[in-house]
Structure formats: C-alpha cells, structure tokens
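Novice: Need a 3D model of the sequence below.
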Amino acid sequence: MSGEQTTEAPVNGAATNGAAMNGERVNGERVSAGPMSSDKTAGRLRAEAPLLLILATTAAFLLYGKGWLADLSNPLWLALMFAWLFGTILWAALKVVHHADMLAERLGEPYGTLILTLSVISIEVLMIASLMFVGDNNPTLARDTMFAVVMIVLNGMVGLSLLLGALRHGEQSYNLQGANAYLSVIIPLALLSLVLPDFTQSTPVRTLSGFQATFLILASVALYGSFLLIQTVRHRGYFRADAVAPAVASNADADADADAAAQVDAATRVDAAAVDRQVHQGADAQAHAPGPVPLHALLLLAYLVPVVLLAKKIALPIDYGIESLSLPAALGGFVVAVLVLTPEAVGAVRSALANRLQRAVNIFLGSVLATIGLTVPAVLAISLATGKPVELGLDPTDILMLVTTLLVAVLTFSAPRTNVLQGVVHLILFGAYVMLIFAP
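Specialist: Numbers count the residues shown, from 1 in each chain. This is a model prediction of the structure:
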C-alpha cells in the first residue's frame with residue numbers, strides 16, 4: 001500500500017499544480033491562476049505577431065500597389081516586388097497551415113488533414129483565378145499548375161518524405177487501404193483532366209467543348225464527393241494508422257499487440273503533456289499547444305484573407321516575367337505550386353521524420369486529389385463564365401512523365417511498408433520534371 005501511495009503522490013501534485021496554473025477547481029475550491037496563465041497568453045500573442053506584418057503588407061499593396069506594380073521593366077524592382085509578395089504570401093500560408101494543424105489535433109484524423117488540404121487548395125484556386133484574370137497570354141496556367149502539383153507532390157514530397165523517414169526509421173508502415181482509395185480516384189481524374197483533352201475532336205486545340213467541360217466538372221465533383229464520404233463517414237479507419245484491415249494484419253495477436261501499443265502510446269502522451277504543463281519552459285510550449293477550436297478557425301481565416309487579397313498582386317510580376325522576359329510558360333504554374341505546397345511539404349516531411357507516415361500519406365495524396373478534384377471544376381467554371389480559354393491537355397513529354405509517375409506511385413503504395421529505394425526513385429523523377437521545364 002505504501003508503494004502505491006508513493007506512486008500517486010506526484011501525480012496528484014502534478015494535477016494540483018496544473019490546475020493552479022489554469023485556474024481550475026481542486027478539491028471543490030477554485031485555485032487562482034498563477035503567472036503561467038499570463039505567460040501563456042503572452043506566448044500566444046507573440047506567436048501571432050506575424051499577422052500584424054502580413055496585414056500591414058496587405059494594406060500597403062491595396063493602397064499603393066497599383067503604382068508600385070505599374071512599371072516592372074526594372075529587373076531589380078521586379079525582383080523586389082516578387083520577393084516581397086512571395087515571402088508574405090508564403091508566411092501567411094504557413095500560418096494558415098499551422099492553425100489547420102492545431103484544428104487537426106483538436107478534431108483528429110481524417111478531419112485534421114482534410115482541413116489542412118482544403119485550406120491549401122483554396123489558396124491555389126484563388127491564385128490561379130487571379131492569374132487567369134490578369135494574364136492574357138497564358139491559357140495553360142491551370143494545366144501547368146495542376147501538373148506541377150502532381151509532379152511536386154507525387155515525386156518531390158513523396159520522395160523526400162520516404163527517403164528521410166527511411167533513413168531515420170528504416171521501413172515505415174501506413175494503412176494500405178487508404179492509399180489505394182486515394183489512388184483509385186487520383187488516376188482517373190488525372191487522365192480525364194490532363195490527357196483526354198489531347199484526344200478529343202470537338203475542339204481544334206487541347207481544350208474542351210462546353211458540353212465536355214460541364215461533364216468533367218460534374219465528374220470531378222462526384223468523384224471527390226464520393227471520396228469524402230468514405231473518408232469522413234463510411235470508412236474513416238482507412239485513413240488512420242491504428243485501423244489496419246484484417247487482411248493486412250497477420251493475426252489476432254498482432255491486432256491485440258497493436259491495440260496495447262496504442263494504449264501505451266496514448267498514456268505516454270498524456271504523461272508527457274502533464275509534465276510539460278509543470279515545467280516552466282511551458283510558457284512557450286503552451287503557447288504552441290492547441291487552443292479552442294473557434295480561436296484557431298478565426299485565426300486561420302485571418303491569415304487566409306491576406307493571401308486572397310495579395311494573390312492578384314503577385315499575379316502581375318509572375319505574368320510580366322513570363323510574357324516579357326521570355327521565361328518558360330510552365331514556370332508560372334511551378335511557382336504557384338511551390339508557393340501553395342511548401343507548408344504541406346513541411347508538414348509531410350515532419351510527419352515522416354516523426355514516424356507518422358500515415359499522416360504524411362494523408363497530406364500528400366490528399367493534396368493531389370483535392371488539387372485535381374477541386375481545381376479542375378473551379379477553373380472550368382471560370383472559363384465557361386468569362387470566356388477565358390483554358391488548355392488542359394499536356395504535351396506528349398508531360399503525358400509520359402505523368403503516366404510514369406502514376407505507375408510508380410501505384411507500385412510504391414502496393415505494399416504496406418516503404419523503404420529508401422522508393423524515395424530515391426520518386427526524387428529522380430522529380431529531378432527529370434524540373435529539368436524538362438527549362439529544357440523541354
């Protein structure tokens with residue numbers, strides 16, 4: 001008995017101290033919040049300080065941007081404007097993803113990754129729409145951006161995540177059924193959107209007729225909506241690492257071991273969180289801990305609005321560079337894709353390094369699916385409404401790269417464990433894609 005009392009004493013003390021820090025009730029009495037509460041508030045305010053700079057930049061470009069961007073013939077001025085806008089949008093996008101991650105921790109999978117993906121894709125769609133309205137000579141921007149997303153994610157992000165994860169942890173596991181569900185929708189959407197327009201005969205160029213565009217819009221929405229149904233309602237377990245299907249599990253004992261390991265892991269996280277709350281480094285740690293859902297949702301929108309407003313501004317230097325400096329047309333789509341995918345790439349690599357490959361898989365495959373499933377309907381709807389032409393069909397070289405990438409992705413995600421070789425293969429394909437941008 002004495003041993004049990006000795007074990008529980010620190011736990012009770014930790015609970016009392018944690019309650020004191022947060023101003024909670026202990027033994028029926030209210031314990032006043034200590035200095036940790038104000039430190040936590042100050043830490044949260046410091047963490048959101050970038051919002052002021054981002055809003056200031058947004059206000060400056062709304063007030064003076066028309067004059068600043070009127071003449072971009074000076075290369076130094078062009079570089080300054082592009083770097084300023086690119087850095088601000090990227091900073092805001094990273095904060096959007098940060099608050100999406102906080103919501104992910106509060107809401108759990110797969111809702112967390114879904115919020116992250118939809119936040120990033122909304123940025124992408126807004127930037128493409130802005131560039132479509134600003135540029136007159138780049139009808140392939142939407143195609144180039146979607147193709148760039150597929151190449152960057154399925155080759156760059158997948159390759160880097162698998163390589164770094166394997167170097168640190170050896171083989172890594174994930175839920176095979178979830179990856180197969182993603183690919184079963186990605187492959188037909190990619191081929192219908194980026195390859196089929198090359199072979200249709202209703203229009204003379206790589207575009208779609210109004211009837212074909214309407215069908216593709218409805219097909220994309222139907223496929224993506226059906227996927228969301230299984231991801232969030234019918235088969236949520238496909239997208240969690242702790243929900244391996246019986247066909248994948250070796251036997252009942254393996255399932256029991258996995259459950260026990262999950263319980264131990266959960267208990268360890270709870271203990272670690274309790275210790276963190278006690279240590280006086282906790283001011284910063286608590287500042288970065290998930291807060292209330294409404295707070296993170298509000299801040300996510302607060303950072304998303306500047307991205308929306310600045311997207312049209314950065315469209316000017318991007319379009320000017322492509323049209324006036326004779327840069328490769330595909331570079332515009334590549335820049336947009338890099339800008340919107342950087343936060344997700346950081347999240348995927350961090351998850352792989354933390355041996356949470358399932359979350360990384362949800363991020364990069366979910367990003368490709370949302371890009372095609374949501375961007376295609378959006379740009380086609382804009383094209384039908386405004387009369388702006390949109391070319392979706394890829395060049396023969398790009399078709400070869402797309403088909404090769406999809407085949408390699410199917411092979412990579414055909415087994416429940418990944419290794420170093422698969423990461424290297426995807427990175428080589430990404431290098432080939434970048435090379436072909438500048439030397440097609």
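Novice: Now the strand or helix carrying residue 411: buried residues?
Specialist: When elements are defined using DSSP states H and E, residue 411 is found to belong to helix 396-412. The neighbour-count criterion (16 or more other C-beta atoms under 10 Å) identifies 398, 399, 401, 402, 405, 406, 408, 409, 412 as the buried residues of helix 396-412. The way it works is simple: take the backbone N, C-alpha and C, and place the C-beta from them, glycine included.
Novice: export those to JSON lines and tack on pLDDT?
Specialist: Formatted as JSON lines, the entries for these read as follows, by pLDDT from 0 to 100:
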{"residue": "398", "pLDDT": "95"}
{"residue": "399", "pLDDT": "96"}
{"residue": "401", "pLDDT": "96"}
{"residue": "402", "pLDDT": "96"}
{"residue": "405", "pLDDT": "97"}
{"residue": "406", "pLDDT": "96"}
{"residue": "408", "pLDDT": "97"}
{"residue": "409", "pLDDT": "96"}
{"residue": "412", "pLDDT": "95"}
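Novice: can you redo these as CSV with distance to residue 211?
Specialist: Formatted as CSV, the entries for these read as follows, by distance: C-beta to C-beta, whole Å:
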residue, distance to residue 211
398, 25
399, 24
401, 29
402, 25
405, 30
406, 27
408, 34
409, 31
412, 37
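Novice: ok, the residues you listed vs residue 212, which is closest?
Specialist: residue 399 (18.3 Å; C-beta to C-beta).
Novice: and the gap between the nearest residue to the closest one once chain neighbours are set aside and residue 400?
Specialist: Of all residues beyond its chain neighbours, the one nearest residue 399 is residue 195 (5.7 Å), with distances taken as C-beta to C-beta, 6 or more residues apart in numbering. If you measure residue 195 against residue 400 using C-beta to C-beta, to the nearest Å, the figure is 11 Å.
Novice: Next up, the contacts around residue 206.
Specialist: For residue 206, the contact set (C-beta atoms under 8 Å, 6 or more residues apart in numbering) comprises 197, 198, 391, 392, 393, 394.
Novice: Scan those and report the most crowded one.
Specialist: residue 392 (26 neighbours; other C-beta atoms under 10 Å).
Novice: surely residue 154 meets residue 364?
Specialist: Yes. Contact status for residue 154 versus residue 364: in contact at 7.3 Å, counting by C-beta atoms under 8 Å.
Novice: quick one, which of these two is more surrounded?
Specialist: More neighbours surround residue 364 than the other of residue 154 and residue 364, with 29 against 26 (other C-beta under 10 Å).
Novice: name the element that one belongs to?
Specialist: Secondary structure assignment for residue 364, by DSSP H and E: helix 357-370.
Novice: can you map out the helices along the stretch 51-200 of the chain?
Specialist: Taking DSSP state H, counting those that start in this stretch as the criterion, the stretch 51-200 of the chain carries its helices at 75-107, 111-134, 141-151, 158-169, 176-194.
Novice: and the angle from the longest one to helix 357-370?
Specialist: Orientation of helix 75-107 against helix 357-370 (axes from the mean of the first three to the mean of the last three C-alpha atoms, to 10 degrees) gives an angle of 120 degrees.
Novice: Kindly report the same for the last one.
Specialist: Here helix 176-194 points in a direction 20 degrees away from that of helix 357-370 (the same axes, to 10 degrees).
Novice: Beyond helix 176-194, next helix or strand please.
Specialist: Stepping forward along the backbone from helix 176-194, the first helix or strand reached (DSSP H and E) is helix 210-229.
Novice: Flag every buried residue along that following helix.
Specialist: Of the residues in helix 210-229, those scored as buried under the neighbour-count criterion (16+ other C-beta under 10 Å) are 212, 213, 216, 217, 219, 220, 223, 224, 227.
Novice: can you pull the contacts of the most centrally placed residue in the chain?
Specialist: Here the mean C-alpha position of the chain is nearest to the C-alpha of residue 344 (C-alpha atoms, centre = their mean), at a distance of 3.4 Å. If you count contacts by C-beta under 8 Å, 6+ apart, residue 344 has them with 97, 116, 117, 120, 153, 157, 363, 364, 367.
Novice: Can you give me the neighbour number for the fifth one?
Specialist: Residues contacting residue 153 under the criterion other C-beta under 10 Å number 27.
Novice: residue contacts, it?
Specialist: Residue 153 makes contact with 341, 344, 364, 365, 367, 368, 371 under the criterion C-beta under 8 Å, 6+ apart.
Novice: what helix or strand does the first one sit in?
Specialist: Secondary structure here is read from DSSP H and E; on that basis residue 341 sits in helix 330-353.
Novice: how about that helix: buried residues?
Specialist: Applying a neighbour-count criterion of 16+ other C-beta under 10 Å, one finds 330-345, 347-353 buried in helix 330-353.
Novice: repeat for stretch 156-163
Specialist: Neighbour-count burial for stretch 156-163 flags 156, 157, 158, 159, 160, 161, 162, 163 (criterion: 16+ other C-beta under 10 Å).
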